[in-house]
Structure formats: structure tokens, C-alpha cells
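K.L.:
What would the 3D arrangement of this be:
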Amino acid sequence: MKSKKIAASELLLNADGSIYHLNLRPEELADTVILVGDPGRVSLIAKHMTAIEFTKQSREFVSTTGMYNGKRITVLSTGIGTDNIDIVMNELDAIANIDFNTREIKKEKRSLTLVRIGTSGALQPEIPLGSFVLSHVSIGCDGLVNWYANRDSVTDKEMENALVKHMNWDKNLPRPYLIKNSERLIKLFEKKTIKGMTISAPGFFGPQGRVLRLQLAMPDMNAKFESFRSKDYKITNYEMEGSAIAGLAKEMGHEAITVCCIIANRYRKEAITDYHPYIEKLILLVLDTLTGKKRREKKSSTKKVAVKKALRKK
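P.N.:
Numbers count the residues shown, from 1 in each chain. Next up, the predicted model:
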């Protein structure tokens, strides 16, 4: 049975055959995609890649596709917030799984591997600045996934209900949703990162418990987030995009994970003034892990140890 044609008002395409916001054509998208919030971070990743096919910008969406360790990778900036993620995820999925010529959904579905590299603030005192937290579970306080019909099929209702009860959740706020990230990607990264249960907040100030002039609807929210425990998980950090990536990816049949560099500790009220060296380290960690590359530095340091031992024996 032939699928229904998607109207021009629903699937917006540019004159060159690219998707409306991201300005990407189907042949330009790799199966592995690294997502970053900051458009400037795309070039930080691209400098490690070879055979760059293109670099383009449409609003805050900067993209490039190239090779790293023999693997084709697309790098894309999303801008800030889960509202942008709604655009990014739907348009990436459309590129992968809708025929732009016929405007019909493809019979054979393409599954993307999506890794978000971000910055984050820790909520637990023992999480050090400059460390990397992998979001095993993402908590959406933004409400985005609630707009889609099958949200209950991809959420952990037991943990969700436990969080709502623990927080005495304000009835005027969007109901939180909890999504478990890709098991395959968790196994790939878990030995190199801290196990995380990460909140995606719909803002930087009030939704993350910061007070300037306006007071909070839940004044003790950070203390309650910090004390929440469920199924061997505790809430580790704040960021602003991961939950929507996790939820929409799971509904669409893609695999996704978020890994963040901790640049502030909200519990200890500390922050890194220059976190760029840590981001550079995280970028290489993600690129190497996705492509199975082992860092030369590790090999060379091993050789140095062996040489020193040999000299001692002499």
C-alpha cells in the first residue's frame, strides 16, 4: 500500500531540494551525527576531520560532513533549547526516512546514531569540574515530548511518578518525562564517563533554580533534585537539550546519547572560567569512541614506561 503524500505546508523544502531549516540534502547526511549547541563548536570538531564535503549555515544551524578514522560523520549545531531540538530531530528524520521527490515515507527506514556533546552544571557534590557525565537517563522538564502521541511508550512511568511525588511537582509546570538513552551507546561510552541522570531544563535561570530578580515556583527544587533516588540512579546534572533528543530519537527509531563536560558545580557553587581544553578533550573522546580509534598518546606513554623499566634492569 502506497503511503500518503506529505503536503508542502508540513514538509518544507528549499529550492535546492534541502530541508527548510537545516538546509541539508539527503545525500549530505551521514549515518553518524554529532550534535552541539554552540555553532562555533562545529569548527572545533571539523578541524580533526578530513575530506570535508561542505560547511554551511542556516540561522543557528551550522553543519559539515567529513571523515574521521575512516568513518563518515556529520556535525550539526542545534542552538539552545528543546524547541530547537524539535526542529533538528524532525528534519534529520525527514532527511533519512522521507523521499523528498515523492513526499512519501520510505518503506526501508534508516536509523541514525546521534551523540550530543554539551556543557553542563553538576548537582551532586562529588562530581568534579572538567569531568564528563553520560546521560543514561534524561529528564525532560520542558514538556516537548508530551506533545507527541506515543510519549508513554518511550518513557519510564515508574521513575516519572516517583519524581513527581518526591518533588511535590507544581501543577502549573509541564509534567516531567524520563527517557532511557540508547543501551548500545551507553555501553560504548560508560567506562570513560560518569553515570548520569540528567535534567533538560527549558531555561537557564528559573528552570535551573537560579534567582536574580524573580522568585521560583519551587524554591527548594535543586535540593529536592539532588536528593532524588530511583533504581540506582540519582540526578547528576543540568543541561538544555538531551531529553528531547532522547525522546524523539526513541520514537523515531534512532539511537541517541548525550555526554556533557561539567563546567560548574551548583552544589559547591564552583565554575571553570576557561573550559575549552576540557571540551577539546571531550570532542576527541567522542570521535575516537565512535570510530574505534585508540589515542597515540596512550601507546607512546606505554612505550616510555617499558623503556624506563628496561633501563632500570640494566
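K.L.:
residues in contact with stretch 39-55?
P.N.:
28, 34, 36, 57, 60-68, 73, 75-77, 79, 117, 279-280, 283-284, 287 (C-beta atoms under 8 Å, 6 or more residues apart in numbering). In short, each C-beta sits where N, CA and C put it, glycine included.
K.L.:
Now for the residue lying closest to residue 119 once chain neighbours are set aside: which residues touch it?
P.N.:
Distance criterion C-beta to C-beta, 6 or more residues apart in numbering; nearest residue to residue 119, sequence neighbours excluded, is residue 263 at 4.9 Å. By C-beta under 8 Å, 6+ apart, the residues touching residue 263 are 119, 120, 121, 129, 130, 271, 272, 275, 278.
K.L.:
wait, what's in contact with the residue nearest to residue 247 when sequence neighbours are not counted?
P.N.:
Distances taken as C-beta to C-beta, 6+ apart put residue 145 closest to residue 247, at 3.8 Å, once the chain neighbours are dropped. Residue 145 makes contacts with 151, 154, 155, 177, 179, 243, 244, 247, 248, 251, as judged by C-beta under 8 Å, 6+ apart.
K.L.:
Tabulate the residues you listed in TSV, adding columns for distance to residue 44 and pLDDT.
P.N.:
Formatted as TSV, the contacts of residue 145 follow (distance: C-beta to C-beta, whole Å; pLDDT from 0 to 100):
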residue	distance to residue 44	pLDDT
151	34	93
154	32	95
155	33	96
177	31	97
179	27	97
243	24	97
244	23	97
247	27	97
248	25	98
251	30	97
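K.L.:
Between these, which sits nearest residue 96?
P.N.:
Relative to residue 96, the closest of the contacts of residue 145 is residue 248; by C-beta to C-beta it sits at 12.7 Å.
K.L.:
residues contacting that closest one?
P.N.:
With C-beta under 8 Å, 6+ apart, residue 248 has these contacts: 85, 86, 89, 90, 93, 144, 145, 148.
K.L.:
Shouldn't the fourth one be within a helix?
P.N.:
Yes. If the criterion is DSSP: H, G, I helix; E, B strand; the rest coil, then residue 90 is within a helix.
K.L.:
ok, now how distant is the residue nearest the centre of the chain from residue 157?
P.N.:
Centroid-nearest residue in the chain, with C-alpha atoms, centre = their mean: residue 116, separated by 2.9 Å. For residue 116, the distance to residue 157 (C-beta to C-beta, to the nearest Å) stands at 24 Å.
K.L.:
Same question for residue 231.
P.N.:
Separation of residue 231 from residue 157 (C-beta to C-beta): 12 Å.
K.L.:
same check, this time on residue 103
P.N.:
Distance of residue 103 to residue 157, given as C-beta to C-beta: 36 Å.
K.L.:
Just to check, residue 177 is in contact with residue 243?
P.N.:
Yes. Using C-beta atoms under 8 Å, residue 177 makes contact with residue 243 at a distance of 7.0 Å.
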